[in-house]
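Chemist: this one's structure only:
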């Protein structure tokens, strides 16, 4: 809603610029040229500046409001993100972290936001996802995308729509919670075949910084393969398995559970980065609008003063012509 | 600072059996990834991986530690984080399982049931709905649950009502899915009832 | 346990571990004392829309939601 208003405002201040005069109105108001004065445009040029000042002020109000909204949303989501950080660590401690694992079927899960105006976080996710896709596709290997959020979908549709398998949106209608993300994770698992899932998201670091991150979740078969080959997961064989008849079954459950936990944290981290990035983007645009307003005020006052001075000179010289 | 720590770990872990918890083994995996990344995508920084945000864990000590370090994590909070306790009893699918310091490394699936944490000054009892527990050789125990609530927050009347309801549903269920759902209901509510009465 | 077969009964009925663990968690939440029960249940609301892609085109999205559409 706020964005629609912003767009409307943008259009409003763009039109007088384009229709009134091909020359830059701002500059023409600063230096009223000869012919403009003759045509009597001088009073209109202050009008144009006044209009422009009003619209800049309105934009500033909107960006300030959006910044406040983002700040309060960030506070709420930041606590939840920090609370969820414990969730993935046990899995990494147990299963390690194998971004370099070489498998046939890779699924890149790109986490992005539904809404824009949040700096570069979505294009960062997309860039990283494309790179991971490139890294993991080849003659024997194939890679697919699962896209979360409108923004990454819009960017990936352009050049790799053939590789998109699933897209999911409207995640943030309710505050993010585990049940929601796990149902979503379940839907992903049911609909794609994979050997490795690579989640791409922006990890929240602070309001001004976020870190593009990729987390890897392996399928139970690959975990078993890696454990048996004695590679980096060789230690897994040292663990006793309690609870089920077969090891494969426990690994299956474990992989599913791992994916939903890792995805939960990823979605939260990304949402947190989104709000942070939006907050700083809105902060800088409010500041920008403020500076613009200062410049416009200066130009406006100068023009007004110039016209007053000219009028005074006209009156005085007229009066002196009469007396003299 | 972190790098110092890693190198220290690296030098120490040579003496011990390498564990999946230690940084040395996994940072090698990272290197391969970073290398592959740089050769394919030269103009983009490789993304971080979760391991770089992990607090490194100590390797297994040579002597038996006197305390067990427990992490109990839920999606919306961390109940315990690196808490040192005497013993925990977890509801593994094969029955209650007590874990003392120095327990053999285990991956255990949890069923709905009672989780008790024995500290110096008393016992804390939780009801967990299910999840996993990993016991590492360095006397670290990670317990991940979808839901865990202190036992005194459970309402025994609604548990009994639920049990009756689902027992009825189990007998009238027609499809496999309905039967399984009813069976889960019966399992969970009888576990709650026995946890509350016990 | 109810079943001693190689596959647990819930997987035999077509559930995944995620569905199973969510069902269990939800039952436990239902058993909490008020006000925690309402608190926990309102926290865990599901809503998202998912669409499958076939040959580079999205199919009609399905809404997964447990709150009725307004």
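Modeler: Yep, it's here. All figures in this text were calculated on a predicted structure; none of them were measured in a lab.

Chemist: Any chance you could list what contacts stretch A:126-138?
Modeler: A:103, A:106, A:108, A:110, A:112, A:143, A:145, A:152, A:155-156, A:160, A:163, A:196, A:198, A:200, A:212, A:214, B:36-37, B:40-41, B:44, B:47 (Cβ atoms under 8 Å, 6 or more residues apart in numbering or on different chains). (Each C-beta comes from the backbone N, C-alpha and C, glycine too.)

Chemist: just checking, next helix/strand downstream of the strand or helix carrying residue B:38?
Modeler: For residue B:38, the element it lies in under DSSP states H and E is helix B:23-40. Using DSSP H and E, the next helix or strand after helix B:23-40 towards the C-terminus is strand B:68-74.

Chemist: Residue A:91 contacts residue A:262, doesn't it?
Modeler: Yes. With contact defined as Cβ atoms under 8 Å, residue A:91 and residue A:262 form a contacting pair (6.7 Å).

Chemist: How many residues are close by residue B:77?
Modeler: When neighbours are defined as other Cβ atoms under 10 Å in any protein chain shown, residue B:77 has 16 of them.

Chemist: likewise residue A:148?
Modeler: 31.

Chemist: element containing residue B:138, please.
Modeler: Counting by DSSP H and E, residue B:138 is found in no helix or strand.

Chemist: repeat for the one 4 residues further on
Modeler: With secondary structure defined by DSSP H and E, residue B:142 is part of strand B:140-145.

Chemist: give me the beta-bridge partners of residue A:217?
Modeler: Applying DSSP bridges to residue A:217 gives these bridge partners: residue A:197.

Chemist: ok, it - contacts?
Modeler: Contacts of residue A:217 by Cβ under 8 Å, 6+ apart are A:196, A:197, A:198, A:199, A:255, A:258, A:259, A:262.

Chemist: how about 7 Å then?
Modeler: Residue A:217 makes contact with A:197, A:255, A:258, A:259, A:262, according to Cβ atoms under 7 Å, 6 or more residues apart in numbering or on different chains.

Chemist: Just send the residues you listed back as CSV, with pLDDT and neighbour count too.
Modeler: Shown next, in CSV, are these (pLDDT from 0 to 100; neighbours: other Cβ atoms under 10 Å in any protein chain shown):
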residue, pLDDT, neighbour count
A:197, 92, 25
A:255, 91, 23
A:258, 93, 27
A:259, 94, 26
A:262, 94, 24
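
Chemist: In those, find the pair that's most separated.
Modeler: A:255 and A:262 (10.4 Å; Cβ to Cβ).

Chemist: can you map out the helices along the chain?
Modeler: No chain in the question, so chain A it is. A:2-19, A:25-30, A:34-39, A:42-84, A:89-95, A:121-135, A:150-160, A:178-191, A:220-228, A:247-323 (DSSP state H).

Chemist: other chain: chain C
Modeler: Taking DSSP H, the helices of chain C run over residues C:9-12, C:17-30, C:36-43.

Chemist: what helices or strands is the longest one leaning on?
Modeler: It refers to helix C:17-30. helix A:178-191, helix A:247-323, helix B:156-172, helix B:176-197, helix C:36-43 (3 or more Cβ pairs under 7 Å, 6 or more residues apart in numbering or on different chains; DSSP states H and E).
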